[in-house]
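> Turn this into a structure:
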Amino acid sequence: MSLDRFIASGVFVAGLAILGGYALSTTATPVQAQEDGPGPNLIIDVSGSTTGQIVIDLLSDVAPKHAAQIAELAKGGEYDGVVFHRVIDGFMAQTGDVQFGKTGGDTSMAGMGGSALPDLPAEFSSVSFERGIVGMARSQNPDSANSQFFIMFAPAPHLDGDYTVVGRVISGMDVVDAIKKGEGGNGEVSDPDMMAKVTVQD
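The predicted structure is shown next:
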């Protein structure tokens, strides 16, 4: 990883912390039952302080390149054992760092890495960041999303048009709500929950 990317990722982390302060003041509303779209679906088995399954409808019609990359990484087993390294109560749960976020190793740099696949050009859309929406994490460069993604606990309309929406939770939002929360402004989690197994259902 280049030093530039490391620095940019650090700035993104700080940005999420600032945005988290806004989101903490919002009221979480229940996710309405979502219709399963064209998919594919990402099936995440969570383990740790909470267990259960999350099903995400990848919005291939909204962000085709990002949905395809997440599906490719999942089919290759790259997301298995990756931690939820940053979880900000009232805002979002972030995971997907296949480079630095695998359990069984040093995860102190989780959030700074990506994957062996290339970064992606932004696919911004009119889909709003509501509760249960899945967005792609990135650095200050809009075209730097790679493997990391975050799931919204609450609406965050200030993210609209600045981050790529790649999916929505259609099942298991109760499991998302139960993911272990982080401490402090940046939401780093000690002994975090993880995605034990991630599969794709076409």
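
> The closest residue to residue 66 other than its chain neighbours and residue 188, how far apart?
By the measure of CB to CB, 6 or more residues apart in numbering, the closest residue to residue 66 outside its immediate chain neighbours is residue 166, 4.4 Å from it. Placement of C-beta: from N, CA and C, glycine included. If you measure residue 166 against residue 188 using CB to CB, to the nearest Å, the figure is 23 Å.

> wait, residue 71 sits on residue 39?
No. Residue 71 is beyond contact range of residue 39, at 9.0 Å (criterion: CB atoms under 8 Å).

> Which neighbours do these two have in common?
When contacts are counted by CB atoms under 8 Å, 6 or more residues apart in numbering, residue 71 and residue 39 are jointly contacted by residue 58.

> Which neighbouring elements make contact with whichever strand or helix holds residue 70?
Remark: residue 70 resides in helix 64-75, with elements defined by DSSP states H and E. With contacts defined as 3 or more CB pairs under 8 Å, 6 or more residues apart in numbering; DSSP states H and E, the secondary structure elements packing on helix 64-75 are strand 41-47, strand 52-58, strand 165-171, strand 194-201.

> Out of the ones you listed, the one nearest residue 153 is which?
Taking CB to CB as the criterion, strand 165-171 is the member of those that comes nearest to residue 153, at 10.6 Å.

> Which residues does that closest one contact?
Residues lying outside strand 165-171 but in contact with it, judged by CB under 8 Å, 6+ apart, are 31, 33-36, 41-42, 53-59, 62-63, 66-67, 70, 125, 127, 129, 132-136, 149, 151, 176.

> at 7 Å what do you get?
Outside of strand 165-171, the residues within contact range by CB atoms under 7 Å, 6 or more residues apart in numbering are 31, 34, 36, 42, 54-59, 62-63, 66-67, 70, 125, 127, 129, 132-136, 149, 151, 176.
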